[in-house]
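1. Just the structure for this:
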Amino acid sequence: MPNEASAPKTGARRGINTGSISFQFFSFIGMLLLILLLMLNIFPYVSTRDAVYQEKEKAMESQASTLASALAGLEKPDEENVAEVLRLLDMQGFERVTVADRNGVAVYDSDEGLSGSETEPDMLLALSGKTVFRSVFRDASFLSSYAIPISNRLKITGAVFLRENDAERGQILRELKLQIRVISVVIALAALGLTAIYATTVLGKLRQLSNAIRVVSGGDYKYRMEVSGKDELSELSREFNALTAYLEDTERQRRRFVSDASHELKTPLASIRLLADSIVQTENMDTDTMREFVSDIGNEAERLQHMTEDLLSLSRMDDDIKIVPEPVDVKKSVQDAMTLLRPVAAEKEVTLNAELEDGCMVLATKDNMHHIVFNLLENAVKYNFPGGSVTAKLRAENGNVQLTVEDTGVGIPEDERYNIFGRFYRIDKARSREAGGSGLGLSIVHDAVKAHGGSIAVGANEPRGSRFIVTFPQYKG
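-> Predicted structure coming up:
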């Protein structure tokens, strides 16, 4: 039983994959080609045949009407005088010419031996006042007939019946049909050949792209496709290469972030462990030394707490968690941040100054605006000199709100300004750790500003220090 169940599955895998692009492509082209060839074979043939029908009807109508008019003047048509009229009118080319009297009796029939014995059904219709035309293409020949009444003084006195067998035009139509078939076969073969070439090229590129996606999905972000041409698939390959380059850069940043985060977390943890081991291993440690060690452990734990909070903030921003912005007064955020930082500034002998305009409202969240303002002011205080100053300027102009934070501190070298918003980036790592920084503050500021449609720039302050300029679209209600 298991062997019997496995056989159909194997056969199914070897069968035609009706869901593949190649099958769908060839099916579409085949159906389109079939429709076009059917139209090519039917339309010219039918239109030519119908044109011959119309020409036959007009020609036979003219000749039948002429013959009926000529016979209308005869008092009593018989075979001889009808033959004389036909001779005078030069009525040739008809397979059969029949003239009947008012009773439907044939008084003349060009077919020998049928005179007076056979009456066409269409002649009976003609005797009732109707004109009847029939034409059919059969056996490579046009078989046409025309019946018309003979009228004399508004009275029907007889009927005329003409029948024609046109093999010449039938042969022409038949040859046209054969030529169209030959042309159709040539077109079909050429179209299938070109389609196969095109499909091979296009599907080959698609297979290359599929293989490339498979390679990259396996983790090889360095893989790049060879691109040639300017068509849509080539453009798609270029976009794929750009995407893999972005993935490679993202993966590099992720690994560097994990490495930096591990390193940054390891440092305070190692200090806590060293201090704790020192307390445990030192016998009879005096109270002041123990208090100092415990205080250092608390400082390192506080560093870990700040770093963890910063990492969580960055994680929320990376996850694109939907935020609901609200009108926020930037002036109040600056004042609140300065109130919190005044004790730190007083301890470092740094003066806090503010030049704040009213009406500087932006759409943001209060938490994010606090992070932005507090981090910029805190860095300006931490990396300052005793006797230095920090100035926050706020103004609204040209539909924007601009916050400028200037300090007279250590400053940022020009070649370092492009990197300071990177995560865990420090210009002076020793000084940054000494100041209690995690290397994540400016990264949080940058991401928060971008999340609210703003921009941030950094430059030098005169005569020394740094200047950060944050710009938001102004909210006017």
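2. Tell me the helices and strands packed up against the helix or strand where L178 lies.
-> Per DSSP states H and E, L178 falls inside helix 167-217. In terms of contacts (3 or more Cβ pairs under 8 Å, 6 or more residues apart in numbering; DSSP states H and E), helix 167-217 is packed against helix 21-72, strand 141-152, helix 232-281. C-beta here means a position set from N, CA and C on the backbone, and glycine is covered the same way.
3. okay, now D78: neighbour count?
-> When neighbours are counted by other Cβ atoms under 10 Å, D78 registers 12.
4. my guess is it contacts V107, does it?
-> Yes - with contacts counted by Cβ atoms under 8 Å, D78 reaches V107, the gap being 5.6 Å.
5. could you dump the helices and strands packed on helix 167-217 to TSV with distance to Y221, mean pLDDT and mean neighbour count?
-> Listed next are these as TSV, based on distance: least, Cβ to Cβ, whole Å; pLDDT from 0 to 100; neighbours: other Cβ atoms under 10 Å:
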stretch	distance to Y221	mean pLDDT	mean neighbour count
helix 21-72	26	87	15
strand 141-152	75	91	22
helix 232-281	4	76	14
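6. In TSV, list those along with distance to T287.
-> Shown next, in TSV, are these (distance: least, Cβ to Cβ, whole Å):
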stretch	distance to T287
helix 21-72	80
strand 141-152	128
helix 232-281	12
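7. So E283 belongs to a helix, correct?
-> No - read with DSSP: H, G, I helix; E, B strand; the rest coil, E283 is coil and lies in no helix.
8. mind checking pLDDT for it?
-> As predicted, E283 sits at a pLDDT of 76.
9. any idea how far it lies from M290?
-> 12 Å (Cβ to Cβ, to the nearest Å).
10. One more: E79?
-> 150 Å.
11. next one: T351
-> 38 Å.
12. now swap in F28 and tell me
-> Distance from F28 to M290, by Cβ to Cβ: 84 Å.
13. still on that earlier bit, who's more crowded, E283 and M290?
-> Each of E283 and M290 has its neighbours counted (other Cβ under 10 Å); M290 has more, 13 against 5.
14. For the helix or strand where T404 lies, give the mean pLDDT please.
-> Element membership for T404 (DSSP H and E) is strand 400-407. Across strand 400-407, pLDDT averages out at 92.
15. neighbouring strands for it, and are they parallel or not?
-> Strand 400-407 sits in its sheet next to strand 389-397 (antiparallel), strand 466-473 (antiparallel), going by DSSP bridges.
16. how far out from the middle of the chain is that strand?
-> Its chain's average C-alpha position is 42 Å from that of strand 400-407, according to Cα atoms, centre = their mean, to the nearest Å.
17. measure stretch 276-296 end to end?
-> 10 Å (Cα to Cα, to the nearest Å).
18. Run through this protein and note the low-pLDDT ranges.
-> 1-20, 112-119, 256-267, 303, 306-307, 309-323, 417-419, 422-441 (pLDDT under 70).
19. In terms of residue numbering, what are the domains of it?
-> 24-173, 232-313, 323-473 (automatic domain parsing).
20. Could you export those as JSON lines, including distance to R224?
-> Below are those laid out as JSON lines (distance: least, Cβ to Cβ, whole Å):
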{"stretch": "domain 24-173", "distance to R224": "27"}
{"stretch": "domain 232-313", "distance to R224": "5"}
{"stretch": "domain 323-473", "distance to R224": "26"}
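21. contacts for stretch 452-461?
-> Stretch 452-461 has contacts (Cβ atoms under 8 Å, 6 or more residues apart in numbering) with 325, 362-365, 368, 406-408, 411-412, 414, 417, 420-421, 445-446, 449, 466-473.
22. From the residues you listed, keep the buried residues only.
-> 362, 364-365, 368, 406-408, 411-412, 420-421, 445-446, 449, 466-468, 470-472 (16 or more other Cβ atoms under 10 Å).
23. starting at the chain centroid, how far to stretch 324-333?
-> On Cα atoms, centre = their mean, the centre of stretch 324-333 falls 39 Å from the chain's centre.
24. how long is that stretch end to end?
-> End-to-end distance (Cα to Cα), stretch 324-333: 18 Å.
25. List the buried residues of it.
-> Buried residues in stretch 324-333, counted by 16+ other Cβ under 10 Å: V328, D329, V330, K331, S333.
26. Repeat that for stretch 287-300.
-> Here stretch 287-300 shows F293, I297, E300 as buried, counting by 16+ other Cβ under 10 Å.
27. Take the buried residues of stretch 324-333 and keep only those in helices.
-> V330, K331, S333 (DSSP state H).
28. ok, of those residues, which one's closest to E55?
-> V330 (90.2 Å; Cβ to Cβ).
29. residues contacting the closest residue to the closest one other than its chain neighbours?
-> The shortest distance from V330 to any residue other than its chain neighbours is 4.6 Å, reached at C360 (Cβ to Cβ, 6 or more residues apart in numbering). Taking Cβ under 8 Å, 6+ apart, we find C360 in contact with D329, V330, K331, L394, R395, A396, V401, Q474.
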